[in-house]
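*Asks:* here are the coordinates; sequence isn't available:
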């Protein structure tokens, strides 16, 4: 190979690799997380309203869900979306995406946000976990009165290895109600915490029974999502270009993200982890 051809190959290599997005990774290849930070106020965990105004969150649905199941998932998303009048929260215009059955939950931090089935489940997550919502967030307006935690990526993964789910209400007591599970998990996807007062009706109660069928929001849920995504909730943010809301946001704050995982367990318990550390156990 001539010297001139070698130079062309080298230049082409650097051009192509330079154009590719380089995900933040640790020495072992897993995504790097901001282990020195934690979420101090879950009421301030949310997607940027500026970004939502520009374009809703593009959320994919695994092709392993049937057409009827897909319809139910979108209907549950609409329960949340219909409360917000200034903009849409979700965009389901993309075709169904191939199901991802990763062995490592870190691998879902891949640039595509979605709802997936897992037939193998994860070695580092207990088998009694019905579903998880994994999310990534960055601190914005750090140190100011308008400081909040901007969600930049999230996925919902349902445990189909150890549990069965149905969209037929007649299967109550036999299988978990998939729409009820998704309505709860979509609340977490949007940044909502649990409602821990047993006497307050909410789909965000930290408990899911095989007999539960909750496919509509309660007044508490309506108020919670309205308060979080009211117009101008993050109006102090710098102006950003209009464009699609996608994962791996790179803009005016390039700190490493905080990774959170919320587990819904069959034993009536919910656990929240941040960067692999258990920070909360909730149950009713």
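*Replies:* It's in. The structure presented is a predicted model; accordingly, all values stated were derived computationally and were not measured.
*Asks:* low pLDDT regions in the stretch 151-284 of the chain?
*Replies:* 231-254, 284 (pLDDT under 70).
*Asks:* what segments of this structure are helices?
*Replies:* 3-19, 49-54, 67-81, 178-189, 219-228 (DSSP state H).
*Asks:* out of these, the one nearest residue 126 is which?
*Replies:* helix 178-189 (16.7 Å; Cβ to Cβ). For the C-beta atoms, the positions are set from N, CA and C on the backbone; glycine is no exception.
*Asks:* what separates the closest one from the chain centre, distance-wise?
*Replies:* Distance, stretch centre to chain centre, for helix 178-189: 11 Å (Cα atoms, centre = their mean, to the nearest Å).
*Asks:* which residues outside that helix are in contact with it?
*Replies:* Helix 178-189 has contacts (Cβ atoms under 8 Å, 6 or more residues apart in numbering) with 69, 72-73, 75-77, 79-80, 115, 130-131, 133, 135, 154, 156, 158, 165-167, 203-204, 208, 212-215, 217, 221, 225, 262, 264.
*Asks:* next one: stretch 112-128
*Replies:* Under Cβ under 8 Å, 6+ apart, the answer for stretch 112-128 is 57-62, 64-65, 73, 97, 99-101, 103-105, 108, 129, 132, 153-162, 182, 246-247, 261, 263, 265-267.
*Asks:* quick check on these: which are buried?
*Replies:* Buried by 16 or more other Cβ atoms under 10 Å: 57-62, 64-65, 73, 97, 99-101, 105, 108, 129, 132, 153-160, 182, 247, 261, 263, 265-266, out of the contacts of stretch 112-128.
*Asks:* where do the strands of the chain begin and end?
*Replies:* Remark: strands assigned in the chain by DSSP state E are 45-46, 57-58, 60-61, 90-91, 114-118, 129-140, 148-159, 165-166, 176-177, 258-265, 269-274, 277-283.
*Asks:* okay, the ones you listed in CSV with distance to residue 192 next?
*Replies:* Formatted as CSV, the strands of the chain follow (distance: least, Cβ to Cβ, whole Å):
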stretch, distance to residue 192
strand 45-46, 8
strand 57-58, 14
strand 60-61, 20
strand 90-91, 14
strand 114-118, 16
strand 129-140, 10
strand 148-159, 11
strand 165-166, 21
strand 176-177, 19
strand 258-265, 10
strand 269-274, 12
strand 277-283, 13
